[in-house]
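Undergrad: Everything below, folded, please.
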Amino acid sequence: MLDDGSPRRGAREASEARSEAESSTPSEVNKEEASDCPEGATSHAPRPSRLTPTEFALVLASALLHAVWSVAIKGARSPLAFGTAQQLAEVPLALCALFFFRLADLTPALLVLVAATGLAHGVYGFWMTLAYARAELTRVYPIIRSTPALLPLIAIPLGESVTPLGALGIAVVVAGVWLVYGDALSLRRLFAPELVYAWLALGAGVAYSLADKFAMAELHAGAWRGPLPRPLAWYALLTLAAVAVRVPLALARIGAAEVVAAARSDVRRVLVSTLAGLVGYGLILHVLQTAPASYVVAVRQLSVILAALIAMRFLGEQPTRTRLAGAALTVVGVATIAVAG
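TA: Residues are numbered from 1 along each chain as shown. The predicted model follows:
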């Protein structure tokens, strides 16, 4: 009998160990590797903290479309009626989209997020149009689009990081937005009665930005068996959910006859603004699948400058030099974010 330390015994044990290793299934190996990570975590690399050049270009395109969309609503005789008609025009497209993806792919978390973003988008659109009816676009639009002032602080639970240069760019964008607002930044002027709905819309914008970011991450991680891209499917869902909130609020305030009259008076404008809104926010949802929400929303603030220029040309508004300086400062902030990303 050979002792435990004999070469034959050692060779046999080594052979058995190799056989056990080769017979291990990939799932068992993955389970062992996954056990080293906290629950709910993955072994993937950390989420990116920068924007790629392509993502940056797509967000800029979205900014232009949002500015066009906003000026079209502001220029209507009744922004509330026009905005409601424009939202209703999206319903047929949203319903058609439901046939090009599988609702079974929506997780319970996504269903909750649909309800959350639908509520936020619904009250956002309602409050935004009321704000446009009360004050000049160049006064309320910068407030409504000031989401970057709050989102970076709230987006920390998303696991995102902001580089020092990126944080500087966000701060400069926010400072430029406030300068675009007006000459005097007293609290009394900032919270004047005609600006109440602008502030409410700002809060709703923060809410839906976070909900949509969570939703895009959830969609990106899960299975998807439909031909329709995830962002467009999500846009269809949030549109239907938002209509269920926004339309009843509008009809209770102005009635169905005014909405119908707004749609009939300028069908072309309604269709153009509908297309601009659809494509513009679809681009944002596409970028949010992989890009940090803080940078996406901040870069999109270039729409403040574009809206001011379009309003000067087509609405006859005359911003002061301070507002124009703020617009230039916003450009600097956007460029800083581009360098950081």
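
Undergrad: now I337: how far from T163?
TA: 10 Å (Cβ to Cβ, to the nearest Å). Every C-beta, even on glycine, is put in place using the N, C-alpha and C of the backbone.

Undergrad: And for A261?
TA: From A261 over to T163 (counting by Cβ to Cβ), the distance is 51 Å.

Undergrad: Next: V259.
TA: Taking Cβ to Cβ as the measure, V259 and T163 are separated by 46 Å.

Undergrad: Quick check on the two: which one has the bigger neighbour count.
TA: With neighbours defined as other Cβ atoms under 10 Å, V259 and T163 compare such that V259 has more, 22 against 15.

Undergrad: so what's L64 closest to, chain neighbours aside?
TA: L306 (5.5 Å; Cβ to Cβ, 6 or more residues apart in numbering).

Undergrad: Centre of the chain to the one helix or strand the one you found maps to, how far?
TA: If you go by DSSP states H and E, L306 is part of helix 303-314. Counting by Cα atoms, centre = their mean, to the nearest Å, helix 303-314 is centred 21 Å from the centre of its parent chain.

Undergrad: can you pull the buried residues of the helix or strand just after that helix?
TA: Next in sequence after helix 303-314, counting helices and strands by DSSP H and E, comes helix 321-340. Across helix 321-340, burial judged by 16 or more other Cβ atoms under 10 Å covers 323-324, 326-327, 329-331, 333-334, 336-338, 340.

Undergrad: Low-confidence stretches in the chain?
TA: Filtered on pLDDT under 70, the chain yields the residue ranges 1-49, 148-161, 180-190, 338-339, 341.

Undergrad: for the stretch 201-341 of the chain, what spans make up the helices?
TA: 230-254, 256-265, 267-288, 293-299, 303-314, 321-340 (DSSP state H, counting those that start in this stretch).

Undergrad: contacts for stretch 245-258?
TA: Stretch 245-258 is contacted from outside by 78, 80-81, 83-84, 87-88, 118-119, 121-123, 125-126, 129, 259, using Cβ atoms under 8 Å, 6 or more residues apart in numbering.

Undergrad: Specify which member of these is nearest to L219.
TA: Distances from L219 to the contacts of stretch 245-258, taken as Cβ to Cβ, are shortest for G118 (15.8 Å).

Undergrad: how about that closest one, secondary structure?
TA: Here G118 is helix, with the state taken from DSSP: H, G, I helix; E, B strand; the rest coil.

Undergrad: quick one: it from F99, how far?
TA: Computed with Cβ to Cβ, the distance linking G118 and F99 is 20 Å.

Undergrad: What backbone torsions are found at E90?
TA: phi -80, psi -20 (degrees, to the nearest 10).

Undergrad: same deal with S146?
TA: Dihedral angles (degrees, to the nearest 10) for S146: phi -90, psi 20.
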